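*Asks:* please work out how this folds:
(chains A and B)
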Protein chains: 2
Amino acid sequence: MHYQFANRMNHLEGSALRENAKKNMEAKDVISFAYGYPSIDAFPMDTLRTISERMYTEFDPETFLQYGPSEGLPELRKLVKKRIEEQAAIDSDDEVMIVSGSTQAMDLVIKVLCNEGDIVLCEEQTFSGAVNAIKSYGAIPVAVPMNVSEECLDLGALEEILANDSQHRIKLLYLIPTFQNPLGTSIPLEKRKEIYALAKKYGILIFEDDPYGDLLYFGDPIPKMKSFDTDELVIYAGSFSKILAPSTRLGFVMAPQPIFEKLVLAKQVSDSHTNFYWQVLLTEFMENYHFETHVNYLKELYREKLTVMLAELAKLPSEAIRYIEPTGGYFICCELSDEVDEEAFLDYLFDHKVIVIPGNVMSVAGKGYEKFFRMNFTKPSVEEIQLGIQQMNEAIEYARKAQISKAI
Amino acid sequence: MHYQFANRMNHLEGSALRENAKKNMEAKDVISFAYGYPSIDAFPMDTLRTISERMYTEFDPETFLQYGPSEGLPELRKLVKKRIEEQAAIDSDDEVMIVSGSTQAMDLVIKVLCNEGDIVLCEEQTFSGAVNAIKSYGAIPVAVPMNVSEECLDLGALEEILANDSQHRIKLLYLIPTFQNPLGTSIPLEKRKEIYALAKKYGILIFEDDPYGDLLYFGDPIPKMKSFDTDELVIYAGSFSKILAPSTRLGFVMAPQPIFEKLVLAKQVSDSHTNFYWQVLLTEFMENYHFETHVNYLKELYREKLTVMLAELAKLPSEAIRYIEPTGGYFICCELSDEVDEEAFLDYLFDHKVIVIPGNVMSVAGKGYEKFFRMNFTKPSVEEIQLGIQQMNEAIEYARKAQISKAI
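*Replies:* Sure, this is the predicted structure:
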């Protein structure tokens, strides 16, 4: 039989690179800076075990094994709201829904807001999962040029794009303002306010994706865009993948009431609700088992890894490679100078079993970021970070020579 | 701000009834036959506790707390395939993907196959979640008339609809062939084959939704449609909600290869993957803890409840109420005769705190099934079943008088 698929699926392609790199990552002796995975030391096994044991012996099974409301466990929704008020200064009347990771938040938001052919503006380099979610509904991701050294979108370019949207096809601006993926950068407060003002002026919504927001290692936090959302323009999504465990698929989304109601309907249709074993377990964790102490432990753990990575990177020739030092999150993004042949550089690393993500993979257009590559510092051990970056010194040497041979 | 939603969301409405009835169900002294929930005695607490304890102490945390493949845990996918081969005689080359309940299977299938305006054929009375999934992508659910006493679609009507589809807008036939929801009926083998032949003749796909398929209480199983799918026309979905626990959101979908590949992409975008704690736990359960013994225990438990419900129903006046005796599953569907005023009947039950689902709620058109109501027999206790059905005797008496007053 000849199968016909929905048009929206024509825009969606699998990531062969993801699968290949995954295989490489799992091979022996490989040092992987590729994926946004937490450290193996990040899982609070004793606490999980204790709460789980209590659940199976002391709790009513129906609270965590039966069907439940699509919006999530009421107690957890309250705790999440309280937590983002305390930790992120987001004091909003909007309701919170528990979803299966912030990935699902994005999926549901696009489903609710975008018709086929509608446009979602994105940072030029961004989370490929979000780009695929947009495409999967037949909407179109359009890259806004970035000013990487200013850690922000090019605001002039953004306004030009918005001003030229005479048909009102732009429905949403997708941003990771804090510890951006892949750049590791954070949009400064002033720029956040300018972006918000533009969204207000042109009547578009903002999706503030904040899966790394809890993981601040240096300096002061920058206010979330949701914290100054006076005009109900910001949909805010967070995740417990990075501060509890990815497999749990626990995330949340907060949105102005009319949007929230549609999101609940879409969630109901999508998978009824998110796993309640984990909703109950997290509720217990947050209420009675010092959840913030655990988050602080993670910050210590990753602060050290980031510090080591930055120290090692500082030993590389500054005329060959540059990067913006992140103050939190999961990633550092590096840019090779023109004197370094990027293919030779990546080949050398790959041959020496060091895996990074090439910049184009994380770019909306899939091109133009040949000179960039992303590195994760939370998953590898301190020793792997040292060894891996030391290999980069050799790789730069090798790739400089390759560049010279090319030029001759 | 005035929010604009995607067109597809205009077709989707919340189920106020569901929420109201839920509240009533949770109130004290209420006897609920309303929802498709497992019994509180259905959860294998000791086994879950034992495996969970082993996971937190003996297993590598990365196997159940880290990110994993979108298709699901390879070992579980193999076990599920082996299980449906052994238990349901489905011997297919198609791959299995683990999804978040068979609800998600339906959501992904519609996403992959249907453009806005495409048609999905459904049984006239069917699972409202599936109808909502269809609407949520802007596709149109179209009811095929049923011949309830033959436990099947009206095949003449089905062929007429298929033959008249000159624009090829019909993409899928959605069926619950075994222990149908809400009817409790099962399509006989001969009719299944005739439906398959029609699908083949007109080149449409079949979605065989089988969440209750394991729960056979009387007689012999009827071969699944997937078991004779020689032409790659059948997408088959199953669930562990009814035989493990609903909250786990564990289901699976099996589809011909080209469709399967698209489903994996859609799953990746939707929520990355299904919770691995539960995938690992179920794998252990199926491999080492006598999973089929547990399923057999459930069949005993529910066989008794169904037997009691049928015995109580047999005491009601047969000229006032009729029903088809199900051989498995979760539901009995009753039809009131013309001499019983259905509103008075439901009002009486409601006033006496007995909750059932009115037929129109489970019908595609939302009308025409005033005389029907659905009852679940797995969740209530034996005593509740006895008391609840005894109330129906009074309700029929009351509603007969109401019908007479109306007629005068």
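
*Asks:* what sits closest to residue A:237 if chain neighbours are left out?
*Replies:* Take residue A:237 and drop its neighbours on the chain: the residue closest to it by Cβ to Cβ, 6 or more residues apart in numbering or on different chains is residue A:105, 3.8 Å away. Quick note: C-beta positions are derived from backbone N, CA and C, even for glycine.

*Asks:* shouldn't the one you found be in contact with residue A:251?
*Replies:* Yes: if you go by Cβ atoms under 8 Å, residue A:105 and residue A:251 touch, sitting 5.8 Å apart.

*Asks:* between those two, which one's more packed in?
*Replies:* residue A:105 (30 against 25; other Cβ atoms under 10 Å in any protein chain shown).

*Asks:* check the more buried one and give its pLDDT.
*Replies:* As predicted, residue A:105 sits at a pLDDT of 98.

*Asks:* let me see the contact set for it.
*Replies:* With contact taken as Cβ atoms under 8 Å, 6 or more residues apart in numbering or on different chains, residue A:105 is in contact with A:99, A:209, A:235, A:237, A:251-253.

*Asks:* helix or strand: which one has residue A:143?
*Replies:* strand A:140-144 (DSSP states H and E).

*Asks:* now the helix or strand just after that strand: how far from the chain's centre is it?
*Replies:* Later in the chain than strand A:140-144, the nearest helix or strand by DSSP H and E is strand A:146-147. Put simply, strand A:146-147 sits 18 Å off its chain's centre (Cα atoms, centre = their mean, to the nearest Å).

*Asks:* what packs against strand A:146-147?
*Replies:* strand A:152-153 (3 or more Cβ pairs under 8 Å, 6 or more residues apart in numbering or on different chains; DSSP states H and E).

*Asks:* list the strands paired with the strand it packs on, with their directions.
*Replies:* With DSSP bridges as the test, strand A:152-153 is paired with strand A:146-147 (antiparallel).

*Asks:* mind checking the pLDDT average for the strand it pairs with?
*Replies:* Per-residue pLDDT values across strand A:146-147 average out to 92.

*Asks:* need the contact partners of that strand.
*Replies:* Outside strand A:146-147, the residues that touch it by Cβ under 8 Å, 6+ apart are A:123-125, A:152-154, A:183.

*Asks:* if we use 6 Å, what do you get?
*Replies:* A:123-124, A:153-154 (Cβ atoms under 6 Å, 6 or more residues apart in numbering or on different chains).

*Asks:* most surrounded residue in those?
*Replies:* residue A:123 (28 neighbours).

*Asks:* so what's it closest to, chain neighbours aside?
*Replies:* In space, residue A:123 is closest to residue A:146, 5.8 Å off (Cβ to Cβ, 6+ apart).

*Asks:* distance of the one you found from chain B?
*Replies:* 24 Å (Cβ to the nearest Cβ, to the nearest Å).

*Asks:* now do residue A:342
*Replies:* As judged by Cβ to the nearest Cβ, residue A:342 and chain B stand 27 Å apart.

*Asks:* and if you look at residue A:56?
*Replies:* Following Cβ to the nearest Cβ, the distance that separates residue A:56 from chain B is 4 Å.

*Asks:* wait, that residue touches residue B:49, no?
*Replies:* Yes: the pair residue A:56 and residue B:49 passes the contact test of Cβ atoms under 6 Å, sitting 3.7 Å apart.
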